[in-house]
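Trainee: Any chance you could fold what I've pasted below:
(2 chains)
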Amino acid sequence: MEKIQNIYKVLANERLSQQYWRLVFDAPDLSREVKPGQFVHIRTDERGLQPFFRRPFSVYRAQKYVEIFYDVIGPGTRLLMSKKKGDTLDVLGPLGTPFVMPPAETRQVVMVAGGIGIAPMLILSDVLKMKKYELLLLYGGRDRGHVYPMKEFKDNGVKVHIATDDGSVGAKGRVSVLFDKIDKGPSPVFIYTCGPNPMMKAVQAFASEKGLAGQAACEEIMACGLGACLGCSIETAGGFKTVCYDGPCFDLDEVKFH
Amino acid sequence: MNISVKIAGITFKNPVTVASGTFGHAERYYNLEEVKRLGAIVPKTVTLQAQVGNPPVRIFETPSGMINAIGIENPGIDVFLEKKLPALRKIGVPLIVSILGHDDEQFAAIIEKLNAQTGIAAVELNLSCPNLRQKILVAQDPAATMRLVGKIKKLSKFPVIAKLSPNVTDIAVIAQAAEEGGADAVSLINTFTAMAIDIKSRRSRIGNFTGGLSGPAIRPIAVYMVQRVASLVKIPVIGMGGIMTASDALEFLVAGATMVAVGTANFVNPRAPVDVLEGIESFMKENKISDIREIIGSLKK
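Mentor: Down below sits the predicted model:
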């Protein structure tokens, strides 16, 4: 890719549920290069300083266009929400270390996502659907507002199971109530997870107990997104590592979740 | 049009550099043709032994700025010299190596290792990192600053730049002490000690408890400090503190800085140093200024 920093045109920005939005932009070079688990770093206030940092977003899908999936939680995502078709977007990317692909002998691939952590899973299923794995998505959301139809996952042949904290959609409780959907073996299972740290910690404990390997996509407040400032470091078995450069995708057993 | 500047007998082809700790992985992410255009490069501060840095959370976003407490995470001088220096040298831009010792002996040991190297333009002594939990920084004590700079100056075959802290009553006193110790230049300012609190948990937002504030929020104070120091010392001043654009950088030059360093802006706009350089050039063209020296220290009173 020629340059890491580019200005792209917004094509669509739409609400998927009460909570979640999807923004689509036209970035053919980025779309060709990005791998599942990588992210883009967007300057939501292009001319100003409020907010000061860029905001990192996992790429949700990269086909003809690049799509990100976001939750409106603060000043950065509020500005993003106001973007309209034809507006410009100052984007750094693709950044970070992508997911590793499952070992060849894998039969079932399980994606465990909480809330906005579903973002990297669609692009992952776009790639994995070519490879004849059984694909399972276990999704946990707070309530109905955190759930949307997930048609794209179903179109990819992903079996979707949902749990909500209040039971308004799917099973009632945390996503861990869905762990019984995971193959008991002996056929090999590979896990991908992304979401709040307590959820990923539970996934890690489950995987460790069952002897399953996997990957976790982590999130941390970031400044540069390029591995330069060392601000987004997290604790891993191998010492402090940057989420933006060494991650965001790590081996599931490597991360020390707090 | 001349935009070259001189510090300690070294000619820098333009006055734009980067602040230490803000410009990593140049080889992977930056357009090297653009990096080559800068006046100098300053990599992240290196210590004698490797340091793992401070526990997370290490950064926090603030209005027009940020608080950081990275804790000088670095691989140590030996790994730096073996693994990083060759690539940095290859860029072909004068290299200012920022170093930090936790005592005089460590500073001296680092200098000894640097003396065995070539392709280094100058050494910057980081006397002012606020995130290492010392009681007092060297750059908060004029006598300590003068003594340490004097000692290093005797040992170093490279010109010595002292990086100063704004966390003092009068930064000019420290700058004068550095000058008296023999510093070839001073660079200022490092970050302001700062804190942000999560009111829900009633804990500091920063794992290290306190951090250093940088970014445009501190720029007007930095401009003032640079102006004050430049008016009171004879050695050149490298000015920094929240520079985002060419007009920000020009303020520092007018205030008396011979060079300017782009720091935190790199985290928001990786192209900021080149944008600043191009903006200075077009400002000079538009105003028919043929030599950058007509700008440096041109503040009217």
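
Trainee: contacts and neighbour counts: CA atoms only from here.
Mentor: Fine.

Trainee: Output the longest strand belonging to chain A.
Mentor: strand A:5-15 (DSSP state E).

Trainee: give the contact list for A:P103.
Mentor: A:F190 (C-alpha atoms under 8 Å, 6 or more residues apart in numbering or on different chains).

Trainee: Look at it and report its pLDDT.
Mentor: At A:P103, the pLDDT value in this model is 94.

Trainee: do you know how far it is from A:V127?
Mentor: 14 Å (C-alpha to C-alpha, to the nearest Å).

Trainee: Low-confidence bits of chain B, can you list those?
Mentor: Flagging of chain B using pLDDT under 70 yields the residue ranges B:25-30, B:133.

Trainee: where along chain B do the helices fall?
Mentor: B:26-29, B:32-35, B:77-79, B:85-91, B:104-115, B:142-155, B:171-180, B:219-232, B:246-255, B:265-268, B:272-286 (DSSP state H).

Trainee: To A:T44, which of those helices lies closest?
Mentor: Nearest to A:T44 among the helices of chain B is helix B:265-268; the distance by C-alpha to C-alpha comes to 10.5 Å.

Trainee: Dump the closest one to CSV, keeping only the CA atoms.
Mentor: C-alpha atoms of helix B:265-268 as CSV (Å, rounded to 0.1, in the frame of the first residue of the first chain):
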residue,chain,number,x,y,z
ALA,B,265,1.0,15.7,17.0
ASN,B,266,2.6,12.6,15.5
PHE,B,267,0.0,10.5,17.4
VAL,B,268,-2.8,12.3,15.7
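
Trainee: If you count contacts, what does it end up packed against?
Mentor: Contacts defined by 3 or more C-alpha pairs under 8 Å, 6 or more residues apart in numbering or on different chains; DSSP states H and E place helix B:265-268 against helix B:272-286.

Trainee: Alpha carbons only: can I get the helix it packs on in PDB?
Mentor: Below are the C-alpha coordinates for helix B:272-286, written out as PDB (Å, rounded to 0.1, in the frame of the first residue of the first chain):
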ATOM      1  CA  ALA B 272       2.600  16.500  11.000                       C
ATOM      2  CA  PRO B 273       6.400  17.100  10.900                       C
ATOM      3  CA  VAL B 274       6.300  17.200   7.100                       C
ATOM      4  CA  ASP B 275       3.200  19.400   7.100                       C
ATOM      5  CA  VAL B 276       5.000  21.800   9.500                       C
ATOM      6  CA  LEU B 277       8.100  21.900   7.300                       C
ATOM      7  CA  GLU B 278       6.100  22.600   4.200                       C
ATOM      8  CA  GLY B 279       4.000  25.200   6.000                       C
ATOM      9  CA  ILE B 280       7.100  27.100   7.200                       C
ATOM     10  CA  GLU B 281       8.400  27.100   3.600                       C
ATOM     11  CA  SER B 282       5.200  28.400   2.200                       C
ATOM     12  CA  PHE B 283       5.000  31.100   4.900                       C
ATOM     13  CA  MET B 284       8.500  32.200   4.000                       C
ATOM     14  CA  LYS B 285       7.600  32.300   0.300                       C
ATOM     15  CA  GLU B 286       4.400  34.200   0.900                       C
END
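
Trainee: Okay, buried residues for that helix please.
Mentor: By neighbour count on 16 or more other C-alpha atoms under 10 Å in any protein chain shown, the buried set for helix B:272-286 is B:A272, B:P273, B:V274, B:D275, B:V276, B:L277, B:E278, B:G279, B:I280, B:E281, B:M284.

Trainee: Among these, which one sits closest to chain A?
Mentor: Nearest to chain A among these is B:A272, at 11.4 Å by C-alpha to the nearest C-alpha.

Trainee: For the stretch 1-150 of chain B, which segments count as strands?
Mentor: B:5-7, B:10-12, B:16-18, B:46-47, B:59-62, B:65-68, B:96-100, B:122-126 (DSSP state E, counting those that start in this stretch).

Trainee: Packing partners of the fifth one?
Mentor: Of the remaining helices and strands, those touching strand B:59-62 by 3+ C-alpha pairs under 8 Å, 6+ apart are strand B:65-68.

Trainee: hang on, the earlier thing: can you list the strands that the longest strand of chain A pairs with?
Mentor: Strand pairing for strand A:5-15, using DSSP bridges, gives strand A:20-26 (antiparallel), strand A:88-95 (antiparallel).

Trainee: re earlier: would you mind giving the helices of chain B as JSON lines with distance to A:G167 added?
Mentor: What follows is the helices of chain B, written out as JSON lines (distance: least, C-alpha to C-alpha, whole Å):
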{"stretch": "helix B:26-29", "distance to A:G167": "45"}
{"stretch": "helix B:32-35", "distance to A:G167": "54"}
{"stretch": "helix B:77-79", "distance to A:G167": "54"}
{"stretch": "helix B:85-91", "distance to A:G167": "56"}
{"stretch": "helix B:104-115", "distance to A:G167": "61"}
{"stretch": "helix B:142-155", "distance to A:G167": "64"}
{"stretch": "helix B:171-180", "distance to A:G167": "61"}
{"stretch": "helix B:219-232", "distance to A:G167": "51"}
{"stretch": "helix B:246-255", "distance to A:G167": "54"}
{"stretch": "helix B:265-268", "distance to A:G167": "41"}
{"stretch": "helix B:272-286", "distance to A:G167": "49"}
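
Trainee: burial count for B:V254?
Mentor: Using other C-alpha atoms under 10 Å in any protein chain shown, B:V254 has 21 neighbouring residues.

Trainee: That one touches B:R293, doesn't it?
Mentor: No - in this structure, B:V254 is not within contact of B:R293 by C-alpha atoms under 8 Å, at 9.6 Å.

Trainee: starting at the chain centroid, how far to the longest strand of chain A?
Mentor: Offset of strand A:5-15 from its chain centre (C-alpha atoms, centre = their mean, to the nearest Å): 18 Å.

Trainee: Check stretch B:50-69 too.
Mentor: For stretch B:50-69 - counting by C-alpha atoms, centre = their mean - the centre lies 17 Å from the chain centre.

Trainee: Stretch B:121-134 near chain A at all?
Mentor: No - counting by C-alpha under 8 Å from any C-alpha of the partner chain, chain A is not contacted by stretch B:121-134; separation bottoms out at 13.0 Å.

Trainee: And the pLDDT for the nearest residue to A:K159 once chain neighbours are set aside?
Mentor: Among residues not flanking A:K159 along the chain, A:L136 sits closest, at 4.8 Å (C-alpha to C-alpha, 6 or more residues apart in numbering or on different chains). The model reports A:L136 with a pLDDT of 97.

Trainee: Wait, a strand at A:L136?
Mentor: Yes - the assignment for A:L136 by DSSP: H, G, I helix; E, B strand; the rest coil puts it in a strand.

Trainee: dump the residue contacts of A:D251.
Mentor: By C-alpha under 8 Å, 6+ apart, the contact set of A:D251 is A:A213, A:G214, A:Q215, A:A216.

Trainee: From B:I197, how far out is it?
Mentor: Here the criterion is C-alpha to C-alpha. By it, A:D251 lies 32 Å from B:I197.

Trainee: cool, and A:Y60?
Mentor: Distance, A:Y60 to B:I197, using C-alpha to C-alpha: 33 Å.

Trainee: In terms of neighbours, single out the busier of those two.
Mentor: Taking other C-alpha under 10 Å, A:Y60 and B:I197 do not tie; A:Y60 has more neighbours (25 against 13).

Trainee: neighbours of the residue nearest to A:K159, just the number please.
Mentor: For A:L136, the neighbour count with other C-alpha under 10 Å is 23.

Trainee: now the helices for the stretch 101-250 of chain A?
Mentor: Ranges of helices in the stretch 101-250 of chain A, per DSSP state H, counting those that start in this stretch, are A:119-128, A:151-155, A:197-210.

Trainee: and B:N131, what is it in contact with?
Mentor: Residues near B:N131 by C-alpha under 8 Å, 6+ apart: B:A69, B:I70, B:G71, B:N208, B:T210, B:G211, B:G212.
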